[in-house]
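[1] here's a sequence, model it:
(2 chains)
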2 protein chains.
Amino acid sequence: MDYRQYVISKAEKAKRASRVMATLSTDIKDKALLNMAKALRDNINDIVEANKRDLKNGEDRGVSKALLDRLMLNEKRIQEMAVGLEQVVSLADPVGESLRAFKTPNGLQINQIRVPLGVVGMIYEARPNVTVDAAALCIKSGNACVLRGGSEAINSNVKISEIISKAAEEAGLPEGTITLLDVTEREAANAMMRLNGYIDVLIPRGGAGLINAVVQNASIPVIETGVGNCHVFVDETADFKMAEDIIINGKTQRPAVCNAIENILVHEKIADNFLPLIKKALQDKGVELRGCEKTRAIIACEEARDEDWDTEYLDLIIAVKVVKDIDEAIEHIYNHGTKHSECIVTENYFNSQKFLREIDAAAVYVNASTRFTDGGQFGFGAEIGISTQKLHARGPMGLKELTSCKYIIYGEGQIR
Amino acid sequence: MDYRQYVISKAEKAKRASRVMATLSTDIKDKALLNMAKALRDNINDIVEANKRDLKNGEDRGVSKALLDRLMLNEKRIQEMAVGLEQVVSLADPVGESLRAFKTPNGLQINQIRVPLGVVGMIYEARPNVTVDAAALCIKSGNACVLRGGSEAINSNVKISEIISKAAEEAGLPEGTITLLDVTEREAANAMMRLNGYIDVLIPRGGAGLINAVVQNASIPVIETGVGNCHVFVDETADFKMAEDIIINGKTQRPAVCNAIENILVHEKIADNFLPLIKKALQDKGVELRGCEKTRAIIACEEARDEDWDTEYLDLIIAVKVVKDIDEAIEHIYNHGTKHSECIVTENYFNSQKFLREIDAAAVYVNASTRFTDGGQFGFGAEIGISTQKLHARGPMGLKELTSCKYIIYGEGQIR
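    Below you'll find the model as predicted:
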């Protein structure tokens, strides 16, 4: 099979659709989203049926229970997908928003307005709800999308995309707006990464391996998402109860997500008093501690090895380091952080300002949990991922981050 | 020579510098820019001397007169470079600007602020003034830069970067802020394109060959610049004099730049009257016309072949096509344009709106010359290039386009 030709044939449809999508009114896009929600609800049994084939294949291949859980769809989860579509309807349409408008000395009226990106590519792993979420956000922001889900969810994804594509077309969206690559071979994904001229941006969602493969291989623009090796620095003046709450929340509320914390850095002047407290609190929640030498001189725990400082555990494990001062904390985060979310717990004004200024990350917190780095929590209504790169978008990406801009210029014959 | 190791050793210095640059006050950055301007003026003879070696090498290798002219530096051009530095001082510092600020229901204060990108890589061709312009814009926006100019300008670039680096450091900027790659082998540029973790964004400036090589080979984020196959569509209701002015200006004022026009599309209902007029006006300026079949039935001119519609001549040649209506014009631009700058000349309100809405380009003009697509003309004060991609920046890129953002969050113990 010629994967490149196959992927081009699919992407061409999306590209054609994107031209129409860019000029559709909000009303038509919203009508399509509502029709997609209805279609999901009307076809719950078919989706569950397809999903069962994926689950059976997964079991036969011996995949982990955690992965099977992410893969699994039941009525409740499908209803949630439908509700998600309805929520996107309630969000403001970003297309057409004026970003800057000004008049030049020679009388040109220049207006910079938001326009859709065009064709958004997504490469993602197990969870089939991404198929619906990504399609919804792309549609509302006037884009077409080319979706490539994981092989483990192929039956679910094909069924879902059939249902929502049909519903979208019935409501007036062009064919190809939601284009699923139904070929799960790696060659198809690789071809997709090099489809300059067809796909305007590629957003990978998944583990570090997937994201790195995309960054290394893609020739189309990529938005890196997700990897979060996040820290809480407990400063000398920290309120112990507040620090404990923020650490427990950051580590245990949902350990497998990118904005969970993986490390705590404790000021040496409070280490004797704070470490025993936080050890007990973490252990009560079943968290394993791995400490530096100074930590282990104060509390008994596993030894943190060099690689621990760079590990995104995504699990009930946390690395603990005693630092001399805020400068050592900032230096450690510079050397080991992934520029996702970082937190200082402090009562010292100057240290709060220093941390906010010197830490280079998508989200920098004073006295609040890193778990808030999330499109929903930020009030964006929905998110297509969390960018950890600096170009185009940084932090939670909502509808605005799925747009580009263009300058429209009204003249009356001006020349240079 | 291990090019990757060499390039890393250079880029590491820029990366260290970028940490300091990100937190420097505007005062210090401006002082450095003024000192750099002074140093250029104080060292005109040394620069001219180094430039003569480049010119001599170019002559020996038989490079074109046009290239030698782009390469040449004299006192006037060096003074212009110094003035350019002083103009950047007068521009507003984008760093720290608040993009959004809001409070969440649980009381978190979230502020999205502009921060520098970090390390900006530039790969460019002959003109040595880019070394100064790029350094100035990167410094003002709080970035460090890694510059890789063309081999034909290596002596000039090395001398200029020595002078301005020394001046910048004397004024308090960190060593490495202006890092020139003094190795001009292609392998060094290729290594630079894959320096993830060291360079945050790469901006190529030059011909289509250079830009395409960067897009295909880079693993770090790229901003595509420059290639402009721009059109003027002369609608049925166009004012002939206005259309002529805009076409002559777009084609002849400076033919070798990306916002010059390469094609005219003429509505068939006015072709009989308009084509003879524009033929004369263009020929008076020494422009060669290449026409479609319908054009050549009306005026005598060379034949436009298929490849002409996709050629950025950058020269006194223009392709002419007669179209049935605005839809055919839009379709032609969709198929052959490079999404740079496009213009309609019309008196019809609905057609002006349709063109603005349906043309997908960085700048879309009604009744004005495409030559205005320029940072200076738009009032941005300076530009580092014109982006023709949709991610991050589109159109003329000034200081704001050399920034990213971060969210800073003030909490009082909030958890999820």
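
[2] could you list the buried residues of the helix or strand that contains A:Ala191?
    For A:Ala191, the element it lies in under DSSP states H and E is helix A:186-193. Taking 16 or more other CB atoms under 10 Å in any protein chain shown as the basis for neighbour counts, the residues of helix A:186-193 that come out buried are A:188-193. The C-beta positions use only the backbone N, C-alpha and C, and glycine is treated the same way.

[3] anything in stretch A:126-146 near chain B?
    No. Stretch A:126-146 lies out of reach of chain B by CB under 8 Å from any CB of the partner chain, never closer than 10.4 Å.

[4] need phi/psi at A:Leu147.
    With angles defined as degrees, to the nearest 10, A:Leu147 sits at phi -110, psi 140.

[5] list the residues that contact it.
    With contacts defined as CB atoms under 8 Å, 6 or more residues apart in numbering or on different chains, the neighbours of A:Leu147 are A:121-122, A:124, A:130-131, A:134-135, A:157, A:161, A:178-181.

[6] now the buried members of those residues.
    Buried residues within these, defined by neighbour count using 16+ other CB under 10 Å: A:121-122, A:124, A:130-131, A:134-135, A:157, A:161, A:178-181.

[7] related to what we said a few turns ago, ok, so of the buried residues of helix A:186-193, who is nearest chain B?
    Taking CB to the nearest CB as the measure, chain B lies nearest A:Met193 of the buried residues of helix A:186-193, at 11.0 Å.

[8] can you redo the contacts of A:Leu147 as a markdown table with pLDDT and secondary structure?
    What follows is these, written out as a markdown table (pLDDT from 0 to 100; DSSP: H, G, I helix; E, B strand; the rest coil):
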| residue | pLDDT | secondary structure |
| --- | --- | --- |
| A:Gly121 | 97 | strand |
| A:Met122 | 96 | strand |
| A:Tyr124 | 93 | strand |
| A:Val130 | 92 | helix |
| A:Thr131 | 95 | helix |
| A:Ala134 | 95 | helix |
| A:Ala135 | 97 | helix |
| A:Asn157 | 97 | helix |
| A:Ser161 | 98 | helix |
| A:Ile178 | 98 | strand |
| A:Thr179 | 98 | strand |
| A:Leu180 | 97 | strand |
| A:Leu181 | 95 | coil |
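
[9] host element of A:Lys38?
    Short version, using DSSP H and E: A:Lys38 is in helix A:26-42.

[10] can you tell me how far A:Lys103 sits from B:Lys280?
    With the distance defined as CB to CB, to the nearest Å, A:Lys103 ends up 34 Å from B:Lys280.

[11] same thing with A:Lys15?
    Spatial separation of A:Lys15 from B:Lys280 under the definition CB to CB is 40 Å.

[12] check A:Asp54 too.
    Following CB to CB, the distance that separates A:Asp54 from B:Lys280 is 70 Å.

[13] more neighbours: which of those two?
    A side-by-side neighbour count of A:Asp54 and B:Lys280, using other CB atoms under 10 Å in any protein chain shown, places A:Asp54 first with 25 against 12.

[14] please tell me I have it right and the more buried one contacts A:Glu152.
    Yes. When contacts are counted by CB atoms under 8 Å, A:Asp54 is listed as touching A:Glu152 (6.3 Å).

[15] which residues are common contacts for these two?
    Shared contacts of A:Asp54 and A:Glu152 (CB under 8 Å, 6+ apart): A:Leu71.

[16] say whether chain B is contacted by the biggest helix by length in chain A.
    When chain A is parsed with DSSP state H, its longest helix is helix A:3-21. Yes. Judged by CB under 8 Å from any CB, helix A:3-21 comes into contact with chain B at A:Arg19.

[17] go on, stretch A:271-290?
    No. Contact between stretch A:271-290 and chain B, assessed by CB under 8 Å from any CB, is absent, since the two come no nearer than 12.9 Å.

[18] how about residues contacting that stretch?
    Outside stretch A:271-290, the residues that touch it by CB under 8 Å, 6+ apart are A:234, A:238, A:240, A:243-244, A:247-248, A:251-252, A:264, A:266, A:294-295, A:298-299, A:301-305, A:308, A:316-320, A:322.

[19] near chain B, list only the ones from these.
    A:Ile248.

[20] among the contacts of stretch A:271-290, which are in helices?
    In helices, defined here by DSSP H, the members of these are A:240, A:243-244, A:247-248, A:251-252, A:294-295.

[21] most widely separated two among those?
    Across the ones in helices among the contacts of stretch A:271-290, the longest distance by CB to CB is 24.2 Å; it joins A:Thr252 and A:Lys294.

[22] smallest gap between the stretch 1-150 of chain A and chain B, at which residue?
    Proximity of the stretch 1-150 of chain A to chain B (CB to the nearest CB) peaks at A:Leu117, 5.3 Å away.

[23] what segments of the stretch 301-416 of chain A are strands?
    Listed in chain order, the strands found in the stretch 301-416 of chain A under DSSP state E, counting those that start in this stretch are A:302-303, A:317-323, A:341-345, A:363-368, A:385-387, A:395-397, A:403-414.

[24] now the ones you listed as JSON lines including mean neighbour count and mean pLDDT?
    Converted to JSON lines, the strands of the stretch 301-416 of chain A look like this (neighbours: other CB atoms under 10 Å in any protein chain shown; pLDDT from 0 to 100):
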{"stretch": "strand A:302-303", "mean neighbour count": "12", "mean pLDDT": "97"}
{"stretch": "strand A:317-323", "mean neighbour count": "24", "mean pLDDT": "98"}
{"stretch": "strand A:341-345", "mean neighbour count": "30", "mean pLDDT": "98"}
{"stretch": "strand A:363-368", "mean neighbour count": "26", "mean pLDDT": "98"}
{"stretch": "strand A:385-387", "mean neighbour count": "25", "mean pLDDT": "93"}
{"stretch": "strand A:395-397", "mean neighbour count": "24", "mean pLDDT": "96"}
{"stretch": "strand A:403-414", "mean neighbour count": "20", "mean pLDDT": "98"}
